[in-house]
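>>> Fold the following for me, if possible:
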Amino acid sequence: MRILNMAQSPLIESVRAVLAANAFETWYRPPSEPAGAARLAIKGHGVAQTFVVIDEEAALALPGVSWIGSPTISEPQRMIATAVASWRDPDDVPLLFVADRIDDGLADALWQRSISCLDSRGLGYLRFSDLVYELGLSLSSMATTSRPRLSANMRGPKPSPGAALTPAGLGVSLLILMMPAQLDEPLRNIANVVPASLGTVQAAVRDLKRSGYADEPSGLLEPRRLLEDWTSSYLKNYAKWHVEQAYETDLTSSELRERLVSLDVGVPMWLSGEAAAEHVGLNIRPTTSLVYTEERNLMRVRRYLKLRRAESGPVSLAPPLWTHATAPPPLAPSPVIRADLLAQRDSRLDEVVKELEQRDPVLRRILDHG
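Sure thing, here's the model as predicted:
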């Protein structure tokens, strides 16, 4: 097979930069024999693995590959995946396929053949024995498939969600994401600022530490992984938060926008989703408005926004997982706004989510941590 000259390959350097950004160390290992393949050792997050690295040109040069030039999109993808899977290193070292761009079709084909892959944009996954480390974010692969969603997350055999990611514990995890210093506070103080019992807080904080998200005295260790796992659990239980839906309003669009971010209502009211994205200056014309308020304040908010029940309507009301201490009105916590945008499974919101991640200081702190 064609051997990659790793020391002179811009593609390999791009891949190494991606791995470094995800807290992995990498170094070259020479071939075990003169004609053998060069290898890349990868270590981080408590795991280590050496890979034989192969790119698209090397895959197409393997013996038996003769379908180059197929006019279809899927056939070259299947050809590359089959060719890579057919090659075996003499020492049975696993393969890592690298490319400038790997789309979902090729990633799925490689996944089915137990081959790791990574592109220069930072999308892909690495297999470490029975664990998988996923990098990047691919909204198109959020549907249930045989391949896990690309989401910057170390995964092994899927356990049941811990106390920090159950519906009762999500409010505690959200507080820690927003305000990591709360980990240093007595548990009773945390219970005073989240809508959860002291027992729930105790179980959630213990689970955050047991699961490696946090530790003493270091605090929050893996905010990005916690954000993705929190979002996944939030979306899974999405219907539970949105028991009050389908309202129409007698206000004009401009009146509604003004009242949604006004504090004149006199009770806590938080805006999320599309309307919140517009309010912070993102490029979107909202068609829906999602408002969070405590159940005891529902009637007051409905009167203030002049809402009336309907089979379908642009305004939704839901109970919050947080209190004023986590996020003062008028906007919901940014992880919630992000999750509510993702929940719509609307491709037109992909760029809005990315812009929110770049502009919001809380999300930027979490995602830049790696």
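
>>> would you list every one of the helices in the stretch 251-370 of the chain?
With helices called from DSSP state H, counting those that start in this stretch, the stretch 251-370 of the chain shows them at 253-260, 273-279, 298-304, 334-342, 350-359, 361-368.

>>> Among those helices, which comes closest to Val47?
helix 361-368 (21.9 Å; CB to CB). To be clear about C-beta, it is placed using only N, CA and C from the backbone, and glycine gets the same treatment.

>>> List the buried residues in the closest one.
Neighbour-count burial for helix 361-368, counted by 16 or more other CB atoms under 10 Å, picks out Val362, Leu363, Ile366, Leu367.

>>> Kindly report the same for stretch 163-172.
Ala163, Ala164, Leu165, Thr166, Ala168, Gly169, Leu170, Gly171, Val172.

>>> go on, stretch 323-339?
Buried residues in stretch 323-339, counted by 16+ other CB under 10 Å: 323, 326-327, 329-339.

>>> what's the most distant pair in the residues you listed?
Across these, the longest distance by CB to CB is 19.5 Å; it joins Thr323 and Arg338.

>>> Ala246 and Ser272, how far apart?
Remark: distance between Ala246 and Ser272 (CB to CB, to the nearest Å) = 17 Å.

>>> Neighbour count for those two, which is higher?
A count of neighbours by other CB atoms under 10 Å puts Ser272 above the other of Ala246 and Ser272, at 24 against 15.

>>> re earlier: would you mind finding the most buried of the helices of the stretch 251-370 of the chain?
Of those, the one with the most neighbours on average (mean count of other CB atoms under 10 Å) is helix 334-342, at a mean of 25.

>>> who's in contact with that helix?
139, 142, 174, 177-178, 227, 230-231, 234-235, 272-274, 276-277, 290, 292, 321-322, 331-332, 349, 352-353, 356-357, 360, 362-363, 366 (CB atoms under 8 Å, 6 or more residues apart in numbering).

>>> domain ranges for this protein?
As given by automatic domain parsing, the domain ranges for the chain are 6-155, 163-235, 239-368.

>>> Just put those domains in JSON lines and tack on mean pLDDT.
What follows is those, written out as JSON lines (pLDDT from 0 to 100):
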{"stretch": "domain 6-155", "mean pLDDT": "68"}
{"stretch": "domain 163-235", "mean pLDDT": "90"}
{"stretch": "domain 239-368", "mean pLDDT": "90"}
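
>>> which residues does Leu126 contact?
Leu126 neighbours (CB under 8 Å, 6+ apart): Ile42, Gln49, Phe51, Leu96, Ser116, Leu118, Val132, Tyr133, Leu135.

>>> Sort out for me which of these are in strands.
Judged by DSSP state E, strands contain the following of the contacts of Leu126: Ile42, Gln49, Phe51, Leu96, Ser116, Leu118, Val132, Tyr133, Leu135.

>>> and which of those residues is nearest Tyr304?
Minimum distance to Tyr304 across those is 44.7 Å, recorded for Leu135 (CB to CB).

>>> how about that closest one, what does it touch?
Val18, Asn22, Leu118, Gly122, Leu123, Gly124, Tyr125, Leu126, Leu150, Ala152.

>>> Spatially nearest residue to Leu235, not counting backbone neighbours?
Nearest-residue entry for Leu235: Ala343, 5.6 Å, with adjacent residues in sequence omitted and distances by CB to CB, 6 or more residues apart in numbering.
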